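A.B. asks: Take this sequence and fold it.
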Amino acid sequence: MTSAPVASPRFAPTWARHLYDRSNGTAKLVVRTTLQARMLESCENFLAGFFGLQWRDHAHILATIDPATTGESACTKASATMMESIQLPLGTWMATYLEARTAELRRLTGSYNWTVTDTYHAQALCPYETISLGYSDFCQLFTYDDWENYAYLMDLEFAGLSGFHSPTGRAQGIAFVEEFLARVEGRPLDVPANTTGANVTIDTNPVTFPLDQKLYLEFTHDANIVSVLTAFGLTQFADPLPLTGPTKDQQFHSSRLVPFAGRLNIEIISAPHKVSTRRLSSRATSKNGGDYVTGSGPTQYVHFVQNQRTIPLHASFAECEYREDGWCELSTFLRIQKQSLAKAQYHHACFGNWTMKGWGAVTNGVPA
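C.D. replies: Alright, predicted model coming up:
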């Protein structure tokens, strides 16, 4: 799962490329994205980097109306409460950290009534111009501390829009979780209608929702990736985000989770035996029996990798034993995720009679 605006081809030379080999009769991959220009172009650019310019010989793109692959559009409350959920935290923190910078810019501009909102817009232009043009004059208007505080502003925004501080955070991402379970278990999507926001027409058609691919590629928005992490229940990213500023042990950093071209890789690993939780080598091999648990049989694991960094699953799920590699036994993880649909409270979150409460009241991605 990759976000816009640029999908990095660095993924291609890794082991994943070897999962797909059409010379052995492998069917074309079905790759999902949306019709929004930057999403579709990111998908096409990635495939060109992965397969080469003849990528159409290897993949079909399933491009849907923008929110259709995420279920967000079907969640009425997600759209209705979007701005309300972040207006207070963003406004409060902006007024705090940009107060001095706004006063300085007002002094420099003379008679122009420079506001905190103007200062924020000038600061936001820096990363967007830099990623688009390579450089921005607006960057030099701000100090290192200003940028640290801007990063925290983005943390508040993403957590409030689609993370654990959003009352619809789990509901927005639950469709992908259920699709993941269907793919891994090799079965059609069979959730009750109107309980996830999934496009059932697409997800029950083996042409548009194949179950036999070794590699699945999705191209979506950064906020959707956050909602997927939330729907999976990765509560290590549910830490409090006070309006007075970041805490020393904060785990949820949007700049690390969903930077431009951010990626979430979910790997399914099959081993001939159970792999030791503390390995003697960097990888399990038959030459190093110490990496395997004596007397054990074949075992599968799941590994979450966010931007080439492991998300340790034991940090969110007590059922996953502590492992230095951050893996969790697949059977255990699937058993945990069987509860995700109920925990998302999709119908209540998306259509229920609830109202927004103050910042900090919502901590688990569902209405407080």
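
A.B. asks: Doesn't Lys357 lie inside a strand?
C.D. replies: No. The assignment for Lys357 (DSSP: H, G, I helix; E, B strand; the rest coil) gives coil, which keeps it out of a strand.

A.B. asks: I'd say it and Ala368 touch.
C.D. replies: Yes. With contacts counted by Cβ atoms under 8 Å, Lys357 reaches Ala368, the gap being 5.1 Å. (C-beta placed from N, C-alpha, C; glycine too.)

A.B. asks: Any buried residues in stretch 107-125, and which?
C.D. replies: Going by neighbour count (16 or more other Cβ atoms under 10 Å), the buried part of stretch 107-125 is Trp114, Val116, Asp118, Thr119, Tyr120, Ala122, Gln123.

A.B. asks: ok now do the residue nearest to the spatial centre of the chain, which residues does it touch?
C.D. replies: Centroid check for the chain by Cα atoms, centre = their mean gives Ile225 as the closest residue, at 2.0 Å. Taking Cβ atoms under 8 Å, 6 or more residues apart in numbering, we find Ile225 in contact with Met1, Ser3, Leu257, Val258, Gly262, Leu264.

A.B. asks: pLDDT score assigned to it?
C.D. replies: Looking at Ile225, its pLDDT stands at 96.

A.B. asks: Okay, strands next: where are they in the protein?
C.D. replies: For the chain, applying DSSP state E gives strands covering 2-3, 29-34, 59-64, 219-220, 264-271, 299-306, 309-311, 328-329.

A.B. asks: Need the contact partners of the fifth one.
C.D. replies: In this structure, residues lying in contact with strand 264-271 by Cβ under 8 Å, 6+ apart are 1-2, 11, 16, 180, 184, 225, 228-229, 284, 292, 298-306, 327, 330.

A.B. asks: tell me which residues of that strand are tucked away?
C.D. replies: Leu264, Asn265, Ile266, Ala271.

A.B. asks: Show me the shaky parts of the chain.
C.D. replies: Regions of the chain meeting the criterion pLDDT under 70 cover residues 4-25, 67-73, 280-290.

A.B. asks: How is it divided into domains?
C.D. replies: Domain assignment for the chain, taken from automatic domain parsing, gives 2-77+167-351, 82-162.

A.B. asks: Ala361 is nearest to which of these?
C.D. replies: Relative to Ala361, the nearest member of the domains of the chain by Cβ to Cβ is domain 2-77+167-351, separated by 8.8 Å.

A.B. asks: What is the end-to-end distance of the closest one?
C.D. replies: Across domain 2-77+167-351, the terminal residues are separated by 29 Å (Cα to Cα, to the nearest Å).

A.B. asks: Number the chain from 25, please
C.D. replies: With the count now opening at 25, the last piece we talked about shows up as domain 26-101+191-375.

A.B. asks: For stretch 55-74, which residues meet the burial criterion?
C.D. replies: In stretch 55-74, the ones that count as buried by 16+ other Cβ under 10 Å are 55-58, 60, 63-71, 73-74.

A.B. asks: In TSV: the domains of the chain, plus distance to Thr387.
C.D. replies: Listed next are the domains of the chain as TSV, based on distance: least, Cβ to Cβ, whole Å:
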stretch	distance to Thr387
domain 26-101+191-375	6
domain 106-186	10
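
A.B. asks: so which of those gets nearest Asn388?
C.D. replies: Taking Cβ to Cβ as the measure, the domains of the chain were each checked against Asn388, and domain 26-101+191-375 came out nearest at 6.8 Å.
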